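Novice: Give me a 3D structure for the following:
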Amino acid sequence: MTKLSVNINKFATLRNSRGGDNPSVVKAAIDAQKFGADGVTVHPRPDERHITYKDVRDIRPIITTEFNIEGNPTEQKFVDLVLEVKPHQVTLVPDALGQLTSDHGWDTIKHKEYLVNIISVFKNAGIRVSIFVDPIIGMVEGAALTGTDRIELYTEGYARKFASGNKEDAIAPYVAAATKAKELGLGLNAGHDLDLQNLAYFKQNIPWIDEVSIGHALVCDALYLGYENTIQLYKRQLL
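Specialist: Numbers count the residues shown, from 1 in each chain. Purely as a prediction, here's the structure:
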């Protein structure tokens, strides 16, 4: 079964636009689980422009499913937070400071030594590690040499080509990368720009995927369709 982890960053973005605690990101996490999500994802950035480090600490005690924290481990503050909170999974993303959103995976060959070292830090603490990777065979092969448990395929390229009508071209490199990951014994996650239009086709072509992490599109849909209904609609795409 492919799990759905709901990224609640956008709830924090809305809250921060006015201050206070409305909407509550803790309630967003509680309700995501209550409404059927298999996990909750947060991505605290150094400037804390959406999810804050305090949010992460506040959310951890109410998690009854699975907690996934994304971020760039080159920031020691992030590493310390993850080791303190001990989520079920940490997803390592090579974001630059001030970056609007994640837009590329790791160069697992160039940064192999660094990744081996930082991944061991988290694994020694009993935390499952996933690293953001582009759908390139060489990068998947490189990931297998870092000691990571899983990779997360960065799916913006898939979503963009799918929207243009090139479904077969869109999915082809992802199937190849996912197949290589499976051959190498890596677990497989995916995320970025997956939505109600393209998610089912992705899952149909890569049925062994372990988890998808979806935030922006899901929250946008929830504004019109309702939070509980939207989570259920996304879950159905993964059947």
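Novice: host element of the residue nearest the centre of the chain?
Specialist: What sits nearest the mean C-alpha location of the chain, by C-alpha atoms, centre = their mean, is residue 213, with 4.2 Å. Following DSSP states H and E, one finds residue 213 within strand 211-214.
Novice: Which strands and helices lie in contact with whichever helix or strand comes after that strand?
Specialist: Downstream of strand 211-214, the first helix or strand assigned by DSSP H and E is helix 216-225. Secondary structure elements in contact with helix 216-225, counted by 3 or more C-beta pairs under 8 Å, 6 or more residues apart in numbering; DSSP states H and E, are strand 3-7, helix 9-16, helix 227-237. Every C-beta, even on glycine, is put in place using the N, C-alpha and C of the backbone.
Novice: Tell me which strands the strand holding residue 213 pairs with, and in which orientation.
Specialist: If you go by DSSP bridges, strand 211-214 pairs up with strand 3-7 (parallel), strand 187-191 (parallel).
Novice: Could you pick out the longest helix of this protein?
Specialist: The single longest helix within the chain, with elements called by DSSP state H, is helix 167-183.
Novice: For the helix or strand containing residue 161, give me every contacting residue.
Specialist: Residue 161 belongs to helix 156-163 when assigned by DSSP H and E. For helix 156-163, contacts defined as C-beta atoms under 8 Å, 6 or more residues apart in numbering pick out 103, 134-135, 167, 169-171, 173-174, 192-195, 197-198, 201-202.
Novice: residues of stretch 20-38 that come out buried?
Specialist: The neighbour-count check on stretch 20-38 (16 or more other C-beta atoms under 10 Å) flags 23-26, 28-33, 35, 37-38 as buried.
Novice: and the angle for the helix or strand hosting residue 29 with helix 227-237?
Specialist: Assigned by DSSP H and E, residue 29 belongs to helix 25-34. Put simply, helix 25-34 runs at 50 degrees to helix 227-237, going by axes from the mean of the first three to the mean of the last three C-alpha atoms, to 10 degrees.
Novice: List the strands paired with the helix or strand that helix 25-34 is followed by, with their directions.
Specialist: Remark: after helix 25-34, the chain's next helix or strand is strand 39-42, criterion DSSP H and E. Looking at strand 39-42 with DSSP bridges, its partner strands are strand 3-7 (parallel), strand 67-71 (parallel).
Novice: so after strand 39-42, what's the next helix or strand?
Specialist: Heading C-terminal from strand 39-42, the first helix or strand you meet, by DSSP H and E, is helix 53-59.
Novice: Which elements pack onto that next one?
Specialist: Using 3+ C-beta pairs under 8 Å, 6+ apart: helix 53-59 touches helix 25-34, strand 39-42, helix 76-85.
Novice: Buried residues in it, which are they?
Specialist: 53, 55-56, 59.
Novice: Poorly predicted segments of the chain, please.
Specialist: Residue ranges of the chain with pLDDT under 70: 96-103.
Novice: cutoff 50 now
Specialist: Along the chain, segments meeting pLDDT under 50 span 99-100.
Novice: In contact with the nearest residue to residue 167 once chain neighbours are set aside, which residues?
Specialist: Excluding the flanking residues, the one nearest residue 167 by C-beta to C-beta, 6 or more residues apart in numbering is residue 201, at 6.1 Å. Residue 201 is in contact with 162, 167, 171, counting by C-beta under 8 Å, 6+ apart.
Novice: Many thanks, have a good one.
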